[in-house]
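> Here you go, sequence then predicted model.
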Amino acid sequence: METIITLASSLGLATATGLNAYLPLLTVSVLSRLGLIQLGEPFDLLAHPITMIVLAILAIIDFIGDKVPAVDSVLHIIGLVISPIAGAIVALAAAQDIITIHPAIVAVAAIIAAAGTQGARASIRPAVTAATGGTANTFLSFLEDAISFVLSLLAIFVPILALIIALVLAFIAYRFIRGAARVWREARLRRNGISRVS
């Protein structure tokens, strides 16, 4: 049971990095610094003051930049690389006490969770931008940040609930992307049909 809880914590944190790469790292950093969680080597470096300051600066830059049109798209592209790395780091930090599962398995699962979430996020945002003229982007960005932060806390303190939420988010993202792909396909077929008639 302890292994399942630890894995739930790892995957919850990894999923949170897909929504915001820096908030889960910063959350783990601050909680460790406050003594609320213990990190073993080498992950205890996350609690170092310099690491915490760098993470805070990156989180602020990402928080502000993600609210600016065009800048958010660039950040999402960067996030496709950063989020899986951040996901692997926090997942391994959370799973450091598991001795029954190889760390490489945890890292791969975390990378998939983080990359999948970030990929869904990067796919959904343009659709929302097109549908609302960009007016909903700021709200959506705030929502992503809030979910990332809450999911990070839940992954640490209520891991099973965090895993359930992560699975629900994955299902919602899958349905949204599948629906958007169908609409895009139908629109392309309509365009092609019109062009053939003309």
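Cool, the structure landed. Quick caveat: nothing in here was measured; it's all calculated off a predicted structure.
> contacts and neighbour counts: CA atoms only from here.
Fine.
> So in the chain, where's the weakest helix or strand by average pLDDT?
helix 159-197 (a mean of 77; mean pLDDT, DSSP states H and E).
> What sits closest to residue 55 if chain neighbours are left out?
Nearest residue to residue 55, sequence neighbours excluded (C-alpha to C-alpha, 6 or more residues apart in numbering): residue 26, at 5.7 Å.
> name the element the one you found belongs to?
Element membership for residue 26 (DSSP states H and E) is helix 22-33.
> Give the buried residues for that helix.
Buried positions in helix 22-33, judged by neighbour count with 16 or more other C-alpha atoms under 10 Å: 22-33.
> Quick check: mean pLDDT of it?
Across helix 22-33, pLDDT averages out at 95.
> CA-only coordinates of it in CSV, if you can.
Extracted in CSV, the C-alpha atoms of helix 22-33 (Å, rounded to 0.1, in the frame of the first residue of the first chain):
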residue,chain,number,x,y,z
TYR,A,22,8.0,25.3,-11.9
LEU,A,23,5.2,25.4,-9.3
PRO,A,24,5.5,21.7,-8.3
LEU,A,25,9.3,22.1,-8.0
LEU,A,26,8.9,25.3,-6.0
THR,A,27,6.2,23.7,-3.8
VAL,A,28,8.4,20.7,-3.0
SER,A,29,11.3,23.1,-2.4
VAL,A,30,9.4,25.3,0.1
LEU,A,31,7.8,22.4,1.9
SER,A,32,11.2,20.8,2.3
ARG,A,33,12.7,24.0,3.5
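> I'd like the distance between residue 22 and residue 86.
7 Å (C-alpha to C-alpha, to the nearest Å).
> typed the wrong thing, it's residue 8
For residue 8 relative to residue 86 (C-alpha to C-alpha), the value is 16 Å.
> same deal with residue 92?
Distance from residue 92 to residue 86, by C-alpha to C-alpha: 10 Å.
> what does residue 147 give?
Distance of residue 147 to residue 86, given as C-alpha to C-alpha: 16 Å.
> who's more crowded, those two?
residue 86 (26 against 18; other C-alpha atoms under 10 Å).
> how far does whichever strand or helix holds residue 80 sit from the chain's center?
Using DSSP H and E, residue 80 falls within helix 71-94. Distance, stretch centre to chain centre, for helix 71-94: 7 Å (C-alpha atoms, centre = their mean, to the nearest Å).
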